[in-house]
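1. Next input, structure requested:
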Amino acid sequence: MNERDSTLLNDYFNGLLSPEDAQAVRDRAASDPAFGEEFSLRLEMEDFPRRAELRKGFKDVLSTIEKDFFQENLVTEVPAQQPMTAKVNWGRWVAAAASVALLAGAYWFFTRSGVPDYRQYADYAPLSLTVRGVADQTVSEAEKAFAAKNYSQALSALERLLSMEPDHVTAKLYKGICLLELDRAAEARAVWQPIIDGQSALRGDAIWYSGLSYLKEKNYSACKQVMQSIEPGADHFEKAQELLKDLP
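-> Sure, this is the predicted structure:
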């Protein structure tokens, strides 16, 4: 990995690339094994904070057990004929053990199980709109709201933009993303379907996000069907193959 590629990945994961350049990075990750390996590693690093939060919760529960559930009788002088004993509050211990088992199970599920989590794959390039003859305020509002993950406000701005430029493919793609993030997956797929049926440069993105919408709904069979339709060399092919390995 040379310095130029390292800088390129830094810009990608910091959201500094245009949609076209970000897509070029993903395409290269799918076709260049060395670059793809580094890309996957960085993707894992980006996902690490979510797993770290779960590990912190697990550690906190164990710490609570150590401090709160085992109590020793501390005495200044221990008679020779009476050894020091430890008291265990068994009712509280059973409850604590159940909590640990539940948390450990959740930790295992999210970090070790084969069932993938939608959030592992829902990485979006920054919204960057190129519009002619449309008020800059609408474009700026859409871009800023999406960057802030205010998907409701971004959706409203994108809909205003599409009322002026109904054929703006990027706006349509990101309208679908906003709908998906607002738990309106079926509506998102309806927005993406014309892009999937067309030949625009964003067709691969629309197919990929359509598959992810089924993953979010835990409709694994439908997700698998969409991911299997992504052909070798197409956008997101490598990520689709990775996802397919983990789908139940």
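
2. Next up, the contacts around Ile177.
-> By Cβ atoms under 8 Å, 6 or more residues apart in numbering, the contact list for Ile177 reads Tyr124, Tyr151, Ala188, Tyr209. (C-beta placed from N, C-alpha, C; glycine too.)

3. For the second one, grab the count of nearby residues.
-> Under the neighbour criterion other Cβ atoms under 10 Å, Tyr151 is assigned a count of 20.

4. cool, and the third one?
-> Neighbouring residues of Ala188 were enumerated by other Cβ under 10 Å; the total is 25.

5. Kindly report the domain assignment for the chain.
-> 41-113, 119-246 (automatic domain parsing).

6. Report the mean per-residue pLDDT for the longest one.
-> Averaged over domain 119-246, pLDDT sits at 91.

7. Over to the shortest one?
-> When pLDDT is averaged over domain 41-113, the result is 55.

8. Apart from its chain neighbours, what residue comes closest to Leu129?
-> Spatially, and ignoring its direct neighbours in sequence, Leu129 is nearest to Val139 (4.9 Å; Cβ to Cβ, 6 or more residues apart in numbering).

9. now that neighbour: how far from Ile195?
-> 20 Å (Cβ to Cβ, to the nearest Å).

10. What of Ser18?
-> As judged by Cβ to Cβ, Ser18 and Ile195 stand 18 Å apart.

11. Which of these two has more residues huddled nearby?
-> Between Ser18 and Ile195, Ile195 has the larger neighbour count (other Cβ under 10 Å), namely 22 against 12.

12. ok, now which ones touch Leu17?
-> If you count contacts by Cβ under 8 Å, 6+ apart, then Leu17 has Asp11, Val25, Ala125, Pro126 around it.

13. could you redo the last one with a cut-off of 6 Å?
-> Counting by Cβ atoms under 6 Å, 6 or more residues apart in numbering, Leu17 touches Asp11.

14. And Leu127, which helix or strand is it part of?
-> Assessed by DSSP states H and E, Leu127 sits outside every helix and strand.

15. returning to what we had before: can you give me the buried ones in the helix or strand in which the residue nearest to Leu129 is found?
-> Taking DSSP H and E as the criterion, Val139 maps to helix 136-147. For helix 136-147, a neighbour-count test (16 or more other Cβ atoms under 10 Å) marks Thr138, Val139, Glu141, Ala142, Glu143, Ala145, Phe146 as buried.
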